[in-house]
Every structure is written in structure tokens, then in C-alpha cells.
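>>> have a look at this fold, sequence not included:
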């Protein structure tokens, strides 16, 4: 397996925030494109159609978790472990692609029973389009995992951009040229995902006889099954509330929540993509003590970046909401939702650090248990808050659930590794940013104030990029070694 980075530096903090960040940016293109396209869809589609599309996207996110089944991350671990001989990884890739299409077909055949229960009209139309989108989309994720594990950056970028930018661009073209409906927009996603998959299969060359390699598949499933349970719980935490809002308040409120969520979720998605992109690089660090030290340093670096990002996004949210949505969405009332959704990125960063350690040592069961605890908190909190606080209550329930997940995972990691706490200065800085962002929610939203808000948010960009450059150089304050809370035995 060829890598452009020397083995001695690959996976170190400077590498994670250097070349590793390029993979993060490419993974994040789906978020960037969705952020750009979302206001266009909000203005072009009727609010009822936009709400239906948001519900279909939530369905897609749920199904793709089942279609991938955690095999994408198992594939990465397998490929990094087998640095010279890729045959087992290529066989696992073939099994993953086949499984994705089987799951999508099974979901379509049974849609007559579950689709109405989720608020859809029936198994046809948008539901069918979602199935056609899911199968190649999940297979593309497997392909991207293979390319990332092999550090083939250029081909990874091409496939990812076709899958993400191509999907949105084709959907918008169909929308403007054919008909302004959610179904027509979904056709664009189908076409782009199929094109990305065909090119990806050509470059990764799955080993189809590897489908019979039951030993490798069983080992992958032992890691993947807890991951799929954790991912399903993640879906409930971040996307499942669309169904609750759909049942409680209807498609129009789903559309309003979706707009606020897209803005506030930018930071959380960056954390998720960062964790996703860094896994093979962290796995390449053989010594587990050193790996945990690097993960801890990277987590604290992410906290510093999050502080500036949370402040900038929250302060500018009244302006962004007015850009993203027409007046009928009542954007002034959505600012607290943006803040609460953005705040969730902090416990998500803690969850990501713990998850990275556990996945690289193929210990994924704690992820499933922590996710289950988070789902229970989410359900109870949503039921308790949704009628009194409405949309902010849904966002608050999500925040509480992620804090619960972070706490459970922290306990699990502390039993396995020496627990490295964040530096006090980092936590004080982050708390100050959270407080400032919260205060900004209470400020007026008239024209003059909004101009000031936007200018202030732009002023947050230089310190954000300064922190990023420090991390890329490896000379940020978090680089210094800290004393572990309790030195457990390493296994």
C-alpha cells in the first residue's frame, strides 16, 4: 500500500491536521454542497415539498446505515492491517457492495408496511426513489473507504465529488428543467451515485470471490455490528426527530427545523467527517499509548477550533437564516435551534475521540451501549420537551442525549486506557465561547444588529485559521504531554 506521507509521521497530530484534513474537507463536501443548495431548495420548492424532501433525506440516512452495516470502517481497518496484500480487503469490499443492494431491495419490498407508519404516502414515488438512491450510495461509501485506507487522495476526491456535488447539481438541474418536486430532485442523486459507483468499482477492483471468505467477513461483522447499532442510534439522535416533528406538527415544521439544523449542524458534521477521515491514519500508529496521546491532542485541538466556529455561526445565524429561508419560515424564531444544535458538537467531539481509540483496537461494543443510552435520553427528553418548547425542545433533547453518550463512552475508555483529560486552559476557552454564543442569541435581530453580527462573525475567521495552522505545524499548546487521570493497564 503506497502512502505519500512517511510512516514515521503518518497519523501524528500535524499529519491529522495537514494531509488528513484534506480528506476531512472532501468528506465535508456533502455538507458544504447541502448547505449551499438548501436555501435554493427552500425558495424553489413549495414548503410542503421541501418538508417531504427533508423527510426522504432522513429516511436515506437511516437506510444507508443499515446498507453499509459498519463494513466501511471494518474495511479500512482490514486494509491498514494488510498493508502489502489487499486481497482480503478487496473481498470485503465486494461483500459490502453486494450487501448494500440486498438491503435496499429488501427495504423496497417491505415498504408497503413501514412507509405509511413513518408519515409517507406509500411505497411508491419518493420512497422508491430513496431506495434507488440508497443502494449505490452505500456502495460508494465502501469504495471511498478503500481509497482512503490506501491514501489514494486524487481518486478519493474524484469519486466523492461526483457522489456529493454531482448529486446536488444533477438534482437541481432536473428540478429546474423537468418539474419542481422532491421526486424529480431525487432522480439527480440516483444518477450521480450510479456514475460514482461505476467509476469507483473500476478503480478499486473488488474481489468478488472474496464473498466466500467467511473468516474475514465474520471478523468484519464483529466490529461492524456494534457500529451499525451505534450508527442507527446516531440517526435517531440527529435525523430521527424529523419523523417526530412530522407526526406532531406536519411537513412545514420539518422544513423549518431542517433549515436551522443544516446551519447549526455544520460543526458536528465536521467532527464526524474528521473522525471518519482520521481512522486509517490513527490505525497506522502501532503503539497504543502513543495513539491515545495523539487522539487526545487532536481532540483538544478540535475543541479550540469548535470554540471559534460555534461563536461565529451562532452570532451570524439570524443573517444565515434569512439567506437560507424565505420569511414564511419565520427565521427569527429559529436562532435558539441553531445554537442548541451547534452546541451538540462539543459532546460529539468527545464521543469521536473515544470512538477512534476503540475502533482502532477493534473494540466497538461500548459504542453500541453508549448509543443506546443516548437514544433512551433522547426519547424521554423529546417527549418531555417537544410540546412545551417545540422545535428548541427537540434540539435540546438531542444535546442532552449526546452528553449522555459522551459520559458513557468516557467511562468505557477509562477502564481500558489511561484517561487523558483536556487542558484546563482549553476547557476555560471553550466555556467562554459557549457563554458568548449563548448571550448572542438574546441580542436584537433588526437590520443594524444583523450587519454587526455578520461583521463580528467574519472577525472569528482569522483566529480560527490561526489555530488550524498551529495544529498543522504541531506547535499548538495541546501538543504538550499531560498527566493521565489514572494509569490503567494497556491491552
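Arrived safely, thanks for sending. The model shown is predicted, which means the values in this text are computed figures rather than measured ones.
>>> from now on I want contacts and neighbour counts done on CA atoms only, so please keep to that.
Fine.
>>> tell me who's in contact with residue 57.
By Cα atoms under 8 Å, 6 or more residues apart in numbering, residue 57 lies in contact with residue 130.
>>> any idea which element it lies in?
Using DSSP states H and E, residue 57 sits within helix 47-68.
>>> following element in sequence after that helix, please.
By DSSP H and E, the next helix or strand past helix 47-68 is helix 71-81.
>>> counting by contacts, list what that next one packs against.
Where contact means 3 or more Cα pairs under 8 Å, 6 or more residues apart in numbering; DSSP states H and E, helix 71-81 is packed against helix 87-109, helix 126-149, helix 214-238, helix 266-283.
>>> all helices of the stretch 251-400 of the chain, in order?
251-264, 266-283, 288-324, 335-343, 345-360, 365-389, 391-414 (DSSP state H, counting those that start in this stretch).
>>> pLDDT of the last one, averaged?
Going back to what we said before, that points to helix 391-414. Here helix 391-414 scores 89 as its mean pLDDT.
>>> packing partners for it?
Helix 391-414 packs on helix 214-238, helix 335-343, helix 345-360, helix 365-389, going by 3+ Cα pairs under 8 Å, 6+ apart.
>>> in that helix, which residues are buried?
By neighbour count on 16 or more other Cα atoms under 10 Å, the buried set for helix 391-414 is 391-410, 412-414.
>>> the following helix or strand past it - contacts with which helices or strands?
Sequence order places helix 424-441 as the next helix or strand after helix 391-414, per DSSP H and E. When contacts are defined as 3+ Cα pairs under 8 Å, 6+ apart, helix 424-441 packs onto helix 288-324, helix 335-343.
>>> now do the buried residues in the shortest one.
Yep, that's helix 335-343 we're talking about. For helix 335-343, burial by neighbour count (16+ other Cα under 10 Å) applies to 335-343.
>>> and if you look at the longest one?
The neighbour-count check on helix 288-324 (16+ other Cα under 10 Å) flags 288, 291-321, 324 as buried.
>>> ok, now stretch 446-466?
Going by 16+ other Cα under 10 Å, stretch 446-466 has these buried residues: 450, 453-454, 457, 460, 464.
>>> cool, stretch 373-384 as well?
373-375, 377-379, 381-382.
>>> for it, what is the distance to the chain centroid?
20 Å (Cα atoms, centre = their mean, to the nearest Å).
>>> same check on stretch 366-375?
On Cα atoms, centre = their mean, the centre of stretch 366-375 falls 17 Å from the chain's centre.
>>> residues in contact with that stretch: which ones?
Residues from elsewhere that reach stretch 366-375 (Cα under 8 Å, 6+ apart): 226-227, 229-230, 233-234, 236-237, 355, 401-406, 408-409, 412.
>>> make it 6 Å
Here stretch 366-375 makes contact (Cα atoms under 6 Å, 6 or more residues apart in numbering) with 226, 229-230, 233, 401, 404-405, 408-409.
>>> also stretch 251-263?
48, 51, 242, 245-246, 329, 338.
>>> returning to what we had before: the helices and strands packed on helix 424-441: lowest mean pLDDT?
Of all the helices and strands packed on helix 424-441, helix 288-324 has the smallest average pLDDT, which comes to a mean of 85.
>>> could you say what helices and strands it packs with?
Applying 3 or more Cα pairs under 6 Å, 6 or more residues apart in numbering; DSSP states H and E, one finds that helix 288-324 makes contact with helix 424-441, helix 447-459.
>>> nearest to residue 100, of the helices and strands packed on helix 391-414?
Closest approach to residue 100 among the helices and strands packed on helix 391-414 (Cα to Cα): helix 214-238, 13.1 Å.
>>> and the closest one, which residues are buried?
Applying 16+ other Cα under 10 Å to helix 214-238 flags 216-217, 220-238 as buried.
>>> now it, how far from the chain's geometric center?
16 Å.
>>> what's the angle between it and helix 335-343?
Between helix 214-238 and helix 335-343, the angle comes out at 150 degrees (axes from the mean of the first three to the mean of the last three Cα atoms, to 10 degrees).
>>> flag every buried residue along the very next helix or strand once past helix 214-238.
Using DSSP H and E, the helix or strand that follows helix 214-238 in sequence is helix 241-249. For helix 241-249, burial by neighbour count (16+ other Cα under 10 Å) applies to 241-246.
>>> close enough to count as contact, residue 341 and residue 266?
No: the criterion here is Cα atoms under 6 Å, and residue 341 misses it with residue 266 at 9.1 Å.
>>> re the thing from before, just put the helices of the stretch 251-400 of the chain in TSV and tack on distance to residue 99.
Formatted as TSV, those follow (distance: least, Cα to Cα, whole Å):
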stretch	distance to residue 99
helix 251-264	30
helix 266-283	21
helix 288-324	32
helix 335-343	33
helix 345-360	22
helix 365-389	21
helix 391-414	29
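>>> how about those, which one is nearest residue 69?
The closest of those to residue 69 is helix 365-389. By Cα to Cα, the value is 12.9 Å.
>>> residue 424: neighbouring residues, count only.
Look at residue 424: counted by other Cα atoms under 10 Å, it has 9 neighbours.
>>> against residue 463, how distant is it?
20 Å (Cα to Cα, to the nearest Å).
>>> same question, residue 310
Taken as Cα to Cα, the span from residue 310 to residue 463 is 13 Å.
>>> quick one on the thing from earlier: could the helices and strands packed on helix 288-324 be laid out in JSON lines, adding distance to residue 155?
As requested, the helices and strands packed on helix 288-324 are exported to JSON lines (distance: least, Cα to Cα, whole Å):
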{"stretch": "helix 424-441", "distance to residue 155": "37"}
{"stretch": "helix 447-459", "distance to residue 155": "33"}
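>>> quick one: which of these is nearest residue 173?
Across the helices and strands packed on helix 288-324, residue 173 has its closest neighbour in helix 447-459 (31.1 Å, Cα to Cα).
>>> contacting residues around the closest one?
By Cα under 6 Å, 6+ apart, the list of residues contacting helix 447-459 reads 312, 315-316.
>>> could you rerun that using 7 Å?
Applying Cα atoms under 7 Å, 6 or more residues apart in numbering, the set of residues contacting helix 447-459 from outside is 312-313, 315-316, 318-319.
>>> hang on, the earlier thing: just the angle for the helix holding residue 57 relative to helix 126-149, thanks.
Using the same axes, to 10 degrees, helix 47-68 lies at 50 degrees relative to helix 126-149.
>>> return the distance of helix 47-68 from the chain's centre.
For helix 47-68 - counting by Cα atoms, centre = their mean - the centre lies 15 Å from the chain centre.
>>> could you give the angle of it to helix 87-109?
140 degrees.
>>> I'd like the average pLDDT over helix 47-68.
Computed over helix 47-68, the average pLDDT equals 78.
>>> just the angle for that helix relative to helix 241-249, thanks.
Using the same axes, to 10 degrees: helix 47-68 against helix 241-249 is 140 degrees.
>>> ok, back up a step: which one of the helices of the stretch 251-400 of the chain lies closest to residue 207?
helix 266-283 (20.9 Å).
>>> give me the below-cutoff pLDDT ranges for the stretch 101-250 of the chain.
Scanning the stretch 101-250 of the chain for pLDDT under 70 picks out 119, 121-124, 235, 239.
>>> quick one on the thing from earlier: wait, which of the contacts of stretch 366-375 is closest to residue 271?
residue 405 (15.2 Å).
>>> quickly note the distance from the closest one to residue 70.
19 Å.
>>> so residue 345 is in contact with residue 266, correct?
No: between residue 345 and residue 266 there is no contact under Cα atoms under 7 Å: 8.8 Å.
>>> of the two, who's got more company?
residue 345 (27 against 21).
>>> what residues does that one make contact with?
Neighbours of residue 345 in contact, by Cα under 7 Å, 6+ apart: 267-268.
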